[in-house]
Every structure is written in C-alpha cells, then in structure tokens.
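J.: With the input below, show me the fold.
(2 chains)
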Protein chains: 2
Amino acid sequence: MKGSVRDSAILCKQAAVQIAELSTDAKNALLRAMADALEAQATTILAANAEDMTAAREKGIGEAMLDRLALDEGRVRGIAEALRQVAALPDPVGQVTRSERSAKGFTIERVRVPLGVIAMIYEARPNVTADAAALCLKAGNGVILRGGSEAVRSNRAIAACLCGVLREAGLSEHALMLLDDLSREAMLELMQLSEIVDLIIPRGGEGLIRFVTENARVPVIKHYKGVCHLYVDAKANLDKALDILIDGKTSRPSACNALETLLVHADVAAAFLPRAARALRERRVELLGDERARALCPNMGPASDDDFATEFLSLKLTVGIVDSKDAAIAHIRRHGSDHTEVIATEDQAAAECFVHAMRSAVVMVNASSRFSDGGELGLGAEIGISTTRLHAYGPMGAESLTVERFVVRGDGQVRHPQSRLPTP
Amino acid sequence: MKGSVRDSAILCKQAAVQIAELSTDAKNALLRAMADALEAQATTILAANAEDMTAAREKGIGEAMLDRLALDEGRVRGIAEALRQVAALPDPVGQVTRSERSAKGFTIERVRVPLGVIAMIYEARPNVTADAAALCLKAGNGVILRGGSEAVRSNRAIAACLCGVLREAGLSEHALMLLDDLSREAMLELMQLSEIVDLIIPRGGEGLIRFVTENARVPVIKHYKGVCHLYVDAKANLDKALDILIDGKTSRPSACNALETLLVHADVAAAFLPRAARALRERRVELLGDERARALCPNMGPASDDDFATEFLSLKLTVGIVDSKDAAIAHIRRHGSDHTEVIATEDQAAAECFVHAMRSAVVMVNASSRFSDGGELGLGAEIGISTTRLHAYGPMGAESLTVERFVVRGDGQVRHPQSRLPTP
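T.: Got it, this is the predicted structure:
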C-alpha cells in the first residue's frame, strides 16, 4: 500500500482493463485456481484468523460478532466452494441481451460490458473478501476491498492468496486491491474518485452505509435496512400464512430479509392472531402490537410508530390489524424500506393488486420473505441487495456488475446521404 | 412555487405514485391530450416565446442560441407530434423481462417499475420541457423540470398547458413540477434530496453538468462531452470510410455524436488522407493533424494533445496516423470520452477486436457516429445519452427511466421447512 489512495485506484483501473478482456474460460480457470489456492493455504489463513480472534476477544467483542469473524477448515473450504460456484455461473460479459435490424439496414445489439472498478466497503466477515472479489472479477471488473478492522489479518491472508493467483496467471495483482489501512481522510478520498471508481457497494450497519452515502461522489448502491412486511389478507390460507410468518421471523432473525412486521386483515384477525402469537411465543419471539392487536392478544406490548419502522434484527415483531388491503398498502408505504414485502392470500386479484401497488425491490405472494436472496432468486451468488431504485433493485449478482452498451454493425450507412460525395 | 424546494419535491413524489399506477392506455391518452392541448394553446405559447426572444435579443444572445430558443407554429406542431410518438411507444412499466420457476416451485419474475421522481436540469430549448415530461410520465414517473432562464416564459406556458391536462384527467398537476426560479442555494438543496428524488439528468454544457455532478447527492446520469472517433483500418473500404467521415463531421457538427477525430492506418493514409482532406475542406472543415498527417496534407494545422481531447462542436477535426489497430485503440482509450467510436474496415476479425477492446457506450462498425441517438437506435425517443457506466450506457429512452424488480409467486413455500409448525 505505497502511494496515495488515488494512485492505488489508478493501478486497479489499469489492471481492470486486462480483466475486462479475459475470456470466460480464462476467468473461470482463475476463479477455480483461487479456490484451490485458498484450500492449499488454509493453514496460513487460519493462523491469521486466530490472531484476529485473539485481538477481538481482547477488545471484548460480542459472541455473535466473534462467530462471524471465526474461520475453521470447514469455513475455508466453504469459501473455496463459493468461488467454484461463481466460476460455474454464466458469464454476463459479452451477453447479447437484444438484437435488432434497423430500417436503414444496420444491426443494433445490446451487449453487456463490465462496469470498470468496484469498491466494496464492508464490516466483519472475512468470507466477503473472497466472495466479492470473485463476483467482481467474474463480471470483468477490478475490485477495491476495504474490509473491517477486526478481520484485517484474515482479509490480508485471503487477499494475498488471491493476488498470488492473479500474478501466476500473468495478470496484474492490482485488479484486486485490499485497502484496509485507510484513514478516515483516505476513505473520503476514495469515495470522491468518480473518474476512476465506477461504483461503491457498502455492506454493514446503517451507520457505515449512511457514512458512505453521505460522503461519496462515486455512485453508491446500497440498502439501509430491511423492514419486511407480511400482510395476511382476508382470503389467506391461514396455515400457509403461519408457515410463512414463522419462517420469515425465526429462521434467521439477523438477516435483512427477516420479517419485522405482521399486518392482519380484521376479518381473519380473531382466527389467526392468537394462534400466531402462541406459535411465535413458543419460539421466544417478543410481540409489539397496535391497540386492536393487543385487544386480541393481551400479552402483547404496545408498538410505537418508531417500532413499526425499525429493523430489529432479533426475535421481535410488530403487529397491526388493518381493515383492508389498501390500509395494509398504506401502512407499508409509510413504514417500509423498499426491501421485501409479502402477501398471503388465495385471492388472485388481491395478490395482483398488492404486487402492483408495492414499489419494493422484491414482492412475494404466498412465499417467505427469506427467499429474498440472490441464491434463492436464481442469481447464483449475491454481492448485495439494492433498495436504490437505479441500476439494480433487489438482490445483485454478477450481472448487476455489468451494464448494457450498444454495438452497431453496418455496411457504410450514413445518416444524411445528401452529404454523400460525388464519385471521384 | 410556494414553500420550499423540499416541499415541492415531496408533492411531486406523492403525485408520482398516481402516475406509477396508471394503465398504459390512460398514460397514452394523457400524452395525446397533452399534444392536442399544446396545439390548441399555440397562440399563448408563441406569445410567451416572443417575449423570451425579445429579452434574449436585448441580452445580446448569439444567433445559434436564438435559433434553439425560437418557436413558431411548425415547431409547436413538432413538439405535439413528438408527444404523440411517445404515446405510441411500448410501455416499459410492468414489462416482464424474465420469468423462471425455482426448484422450490415458486415463480420468479423480473418486472419493470418506474424510478419514482426524475429531475431534469437543462438549458435553452423549450421543446425539452415537453419531451422530457412526456418520457418521464410514459415511464410512470413524476418529473421536476429546471429549465434555462432564457426560455423561462416559453417553459412556463408549455408546463401550464401540460399541467392543465393532468388536472382535467383528475390527476395531481404536481406530477409535472416546473421549478425555474430556483436560487443557487435552492438548486443545491434539490440536488441533496436523495430520499425524494431518484435521479437527476443534467443536459447542457459541460459547466452545468460538472456543477450538478459535483454537488448532487441524488444519483446523476450524464455525459460531459462526445469526443467521437473514426478509425479507418488498413482493410477499410475507402469509399464507405469517406462517406462515414463526411456524414460524421459535417451533417450536424454541433451534435454530441459528431466526429471530432479521424485516425487512419498508415497503410492507407496516402490513399485516403489527401482525398479526405480535400472533401472536408470543400465543406469548410478545418483540419488539425499530428506530424505524419501534416506531412501528407501540408495545409493541415498542428494538433496538440488537448486538441485530441476536445469536443469542438464545430467544423474542426483532429487527424492522426497510426501504425496499427492497437495504436488506434490506445489513442482512443487515452483521449476518448466513452461516447461513440467507429471503425471502418472490411476485416471482420479486426472489427470484432475493436468492438471488444472499446469500452465506449456505442461502438459502430462501418456506420456513421451520427446514428448514436435514441431514435436511430430503436428507442423511439431519447431523454439523454449516458456515459456513466451504471444503470444506462448510451442513448436513454423510456425504458431507462424504469428499473427491474423481483416478483415471486408461491404456494406457501418457506426457506427452512424445519420451522414448520406441528399441525394443531
């Protein structure tokens, strides 16, 4: 890490040109070699991780965070396996998404090209270092990684391993640039480099994401939080609705696609809510309700307006009763985060109306919000989830790290043939 | 324009929700009614324009600018006709771009939704007021228009006419918000409203665009300039190449897709360059060349490094001789603006290599750079051209004012069936 952030970013941009020109086979071979190298160097990586763990324990970091930081042989194999899965994905670069012939006789193709240089700014988990690098490289981009301070030794060991594979392949190692020792000023400088860096993806807590969004001149794609809603319609199948509720709230409460709010139509509230409350409490979920919900379920605490806009990331759920689908829609528009909303209903017209009215990145009918994930939605892997309504909206895979451009092939066509020369 | 910019933007965002929910037929009827209203109110619009013209003449504004500002009955009919063409375009909103069935039995659709609120910041031509409004509304968005001060009366007359049609249709007129009396502070405030405005598109001179880009927190899609290149390969058909050159440079030199630089392979320089120089000079094009080009064409002035990176917007052309396709590629990478590049060649391998190596928004083989335009490339209409390598790259039509989101339809699927309840 000699020289300025700007110099480093320029090196990455230059190296990215090489990556953009690699064939699909060359990129996939690279990713598989990286997977092999990670497994071969597992001892070194685990030693670095052990030092991170010791330092983290000394700092008194909590158990949940320690668990996310920790690597073992199985987890290193998992990281390597994820790289092999990225290698197996279709290559978005060069994909012809549309092809037409113009009235003037030339052909117009829309072709995917890499974005250029992508900066990832993230916290904690060292697997992101390998995952993000793999997806960016697969899509033909250079990548600048700025990981969290807790994982600094693990990240360096992983990045050193991956950069070694780039060098062995005769490529510049600068295509993957780990910048983990940036001062706040250097971070701010990186985020201003709009002529060099094409996109910043921050991943982590809302504080980190706001810091990046409020200070970046480079385009940022992010989501602040996932306040995901389940609306149980008057015509819902209540068994399915209960499954979706339990899965959405309890299968991984710390995920951004976990449910935070349950809205129930008044017509089915008496039949559904006490039963749902019992099932949730058996799973140690704390319920906070509006007045009408509390009248049906006396053990429920009161939910404030702020509670209805909160991403708890824990076993807490807000509950409201609504008199109509439209009231549910109005509630979600007011409190939602544009991430993922679910309707449980057997009434297809109601479902389509809900889908149409919702502007969130992912809208589900009779399916768990927990499917709002790149892997589950067919992207193969995920670099993040966007609630920025531009470029990408929802889970982002390799394709979201490219953009479509125009390729025109003609036979000498001109726009104004009157400017044609007389034959000499 | 009572209240703050923020209040105005919030009103537009609320009105945009109505627009997003309109059916295709309703939107098209609205656009046709707007076209009719513009023609019916032509006298009022022309009177307002006459005042703008008088004020502009008093300010001593140049002829080219006056011509862009001027309206007459024919031009008003042209603006109305453009709205009818936008009405006739396919509706991007609701388009299902992909549809798959997951292994778990639910379907996953990618569906286009509007961006939300789009702010256009532009100079001079009053037709942009109607064109931009029409494309934004067609794509289901609210639109905030900030036109140039010279066209203020014309823009107000046009906007008042279009807002009247919104009101008559029972919609909020705030979906189209003309904010033309903003102070510099208010402009800056508008550009910070990232929770309300989804996209800013600046159109005009490089100064305006830099001002917006450097001060906006709202995402900006723009192009600074079009330094478009024609590379005449060793295997070019020189007649076609000459047609493409003349059309690219002379058919509308003030357009961003006009050619600024000609690069000629050394093998054909003697056969092509003197002939091209003669034809260009007959059309009053001034040539600035590198040393080798000047050796072949003694009347050519010298081109500096800066000249090779300049968008002249006039009858000036820089000329260079290169020893290889790769040298041409390196020149364009160094001096280009990512807008539009052209290769003239009959060698298909050379053409594909050029296409692959270029990262510009539009790459052409044997066709004029002047086709780099939304209308010519099949978009029907154009709200701008993007050289921002994110969201849209190249000419932007109605589709670029939408984004794809995910719609999942299931039958009660959950991610972790082990969380399924025992049947009661």
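J.: quick one: the helices in the stretch 151-300 of chain A?
T.: Counting by DSSP state H, counting those that start in this stretch, one finds helices in the stretch 151-300 of chain A at the ranges A:152-168, A:184-190, A:206-215, A:238-250, A:266-282, A:291-296.
J.: mind checking which of these is nearest chain B?
T.: helix A:238-250 (3.3 Å; CB to the nearest CB). Where C-beta positions appear, they are placed from N, C-alpha and C, glycine not excepted.
J.: and the closest one, what other elements does it pack with?
T.: Helices and strands touching helix A:238-250, as assessed by 3 or more CB pairs under 8 Å, 6 or more residues apart in numbering or on different chains; DSSP states H and E, comprise strand A:228-232, strand A:259-265, helix A:266-282, strand A:340-344, strand A:362-367, strand B:402-413.
J.: mean confidence score for the last one?
T.: Along strand B:402-413, the predicted confidence averages to a pLDDT of 97.
J.: Please apply the same query to the second one.
T.: Average pLDDT, strand A:259-265: 98.
J.: tell me what it is packed against?
T.: Using 3+ CB pairs under 8 Å, 6+ apart as the contact criterion, the elements in contact with strand A:259-265 are strand A:228-232, helix A:238-250, helix A:266-282, strand A:316-322, helix A:325-335.
J.: what's the weakest-modelled helix or strand in chain A?
T.: Taking mean pLDDT, DSSP states H and E as the measure, helix A:63-69 is the helix or strand of chain A with the lowest mean score, a mean of 86.
J.: The nearest residue to A:Val414 once chain neighbours are set aside - how many residues pack around it?
T.: Leaving aside its chain neighbours, A:Val414 sits nearest to B:Asp247 (3.6 Å; criterion: CB to CB, 6 or more residues apart in numbering or on different chains). Using other CB atoms under 10 Å in any protein chain shown, B:Asp247 has 26 neighbouring residues.
J.: any idea which of the helices and strands packed on strand A:259-265 is most buried?
T.: Mean neighbour count, computed with mean count of other CB atoms under 10 Å in any protein chain shown, is highest for strand A:228-232 among the helices and strands packed on strand A:259-265, reaching a mean of 28.
J.: tilt between that strand and strand A:316-322?
T.: 40 degrees (axes from the mean of the first three to the mean of the last three CA atoms, to 10 degrees).
J.: what pLDDT, on average, does strand A:228-232 get?
T.: Per-region confidence: strand A:228-232 scores 98 on mean pLDDT.
J.: Could you do stretch A:145-157 as well?
T.: Here the mean pLDDT over stretch A:145-157 is 94, rounded to a whole number.
J.: ok, now stretch A:126-138?
T.: pLDDT averaged over stretch A:126-138 gives 95.
J.: what about it, distance to the chain center?
T.: From the chain centre to the centre of stretch A:126-138 is a distance of 12 Å (CA atoms, centre = their mean, to the nearest Å).
J.: One more: stretch A:180-187?
T.: When distances are taken as CA atoms, centre = their mean, stretch A:180-187 is centred 23 Å away from the chain's centroid.
J.: now stretch A:282-298
T.: For stretch A:282-298, the distance between its averaged C-alpha position and the chain's averaged C-alpha position is 32 Å (CA atoms, centre = their mean).
J.: which parts of the least confident helix or strand of chain A are buried?
T.: The neighbour-count criterion (16 or more other CB atoms under 10 Å in any protein chain shown) identifies A:Met65, A:Arg68, A:Leu69 as the buried residues of helix A:63-69.
J.: Was I right to think the last one contacts A:Gly147?
T.: No: taking CB atoms under 8 Å as the contact criterion, A:Leu69 and A:Gly147 are not neighbours in contact, 10.9 Å apart.
J.: Show me where the stretch 101-250 of chain A dips below the pLDDT cut-off.
T.: Residues of the stretch 101-250 of chain A that meet the criterion pLDDT under 70 lie in A:124.
J.: Kindly report the residues of it close to chain B.
T.: A:102, A:104, A:106, A:108, A:113, A:115-116, A:194, A:198-199, A:213-214, A:217, A:219, A:237, A:239-240, A:242-244, A:246-248, A:250 (CB under 8 Å from any CB of the partner chain).
J.: go with 6 Å
T.: Of all the residues in the stretch 101-250 of chain A, those in contact range of chain B (CB under 6 Å from any CB of the partner chain) are A:Phe106, A:Ile108, A:Leu115, A:Gly116, A:Asp198, A:Pro219, A:Lys240, A:Asp243, A:Ile246, A:Asp247, A:Thr250.
J.: picking that back up, which ones, among the buried residues of helix A:63-69, also lie beside chain B?
T.: Filtering those for proximity to chain B by CB under 6 Å from any CB leaves nothing.
J.: Chain B: which of those residues is nearest?
T.: Comparing the buried residues of helix A:63-69 against chain B with CB to the nearest CB picks out A:Arg68 as the nearest, at 19.5 Å.
J.: mind listing the strands in the stretch 1-150 of chain A by residue range?
T.: Under the criterion DSSP state E, counting those that start in this stretch, strands of the stretch 1-150 of chain A are mapped to A:96-101, A:107-114, A:117-122, A:142-146.
J.: out of those, nearest to B:Arg6?
T.: Ranking the strands of the stretch 1-150 of chain A by proximity to B:Arg6 (CB to CB) places strand A:117-122 first, at 28.7 Å.
J.: report the angle between the axes of the closest one and helix A:152-168?
T.: 160 degrees.
J.: so what does strand A:117-122 touch, helix or strand wise?
T.: Taking 3 or more CB pairs under 6 Å, 6 or more residues apart in numbering or on different chains; DSSP states H and E as contact, the helices and strands that strand A:117-122 lies on are helix A:5-21, helix A:127-138, strand A:142-146, strand A:199-203.
J.: now do 10 Å
T.: Where contact means 3 or more CB pairs under 10 Å, 6 or more residues apart in numbering or on different chains; DSSP states H and E, strand A:117-122 is packed against helix A:5-21, helix A:127-138, strand A:142-146, helix A:184-190, strand A:199-203, helix A:206-215.
J.: Each with direction, which strands does it pair with?
T.: strand A:142-146 (parallel), strand A:199-203 (parallel) (DSSP bridges).
J.: how far does that strand sit from the chain's center?
T.: Averaged C-alpha coordinates place strand A:117-122 at 12 Å from its chain's average position (CA atoms, centre = their mean).
J.: show me the contacts for A:Arg203.
T.: Remark: with contacts taken as CB atoms under 10 Å, 6 or more residues apart in numbering or on different chains, A:Arg203 is in contact with A:120-125, A:128, A:132, A:209, A:212, A:222-223, A:383-385.
J.: quick one on the thing from earlier: if we take the residues of the stretch 101-250 of chain A next to chain B, which one ends up nearest to B:Glu58?
T.: Closest approach to B:Glu58 among these (CB to CB): A:Pro219, at 41.8 Å.
J.: Count the neighbours of A:Gly74 for me.
T.: A total of 8 residues lie near A:Gly74 under the criterion other CB under 10 Å.
J.: what does the one 4 residues further on give?
T.: By other CB under 10 Å, 13 other residues sit near A:Gly78.
J.: correct me, but it touches A:Asn127?
T.: Yes: with contact defined as CB atoms under 10 Å, A:Gly78 reaches A:Asn127; the gap is 7.3 Å.
J.: Find the residues that touch each one of those two.
T.: Counting by CB under 10 Å, 6+ apart, the contacts common to A:Gly78 and A:Asn127 are A:Leu71.
J.: if we can go back for a sec, out of the strands paired with strand A:117-122, indicate the one that is most buried.
T.: Mean neighbour counts for the strands paired with strand A:117-122 (mean count of other CB under 10 Å) peak at strand A:142-146, with a mean of 27.
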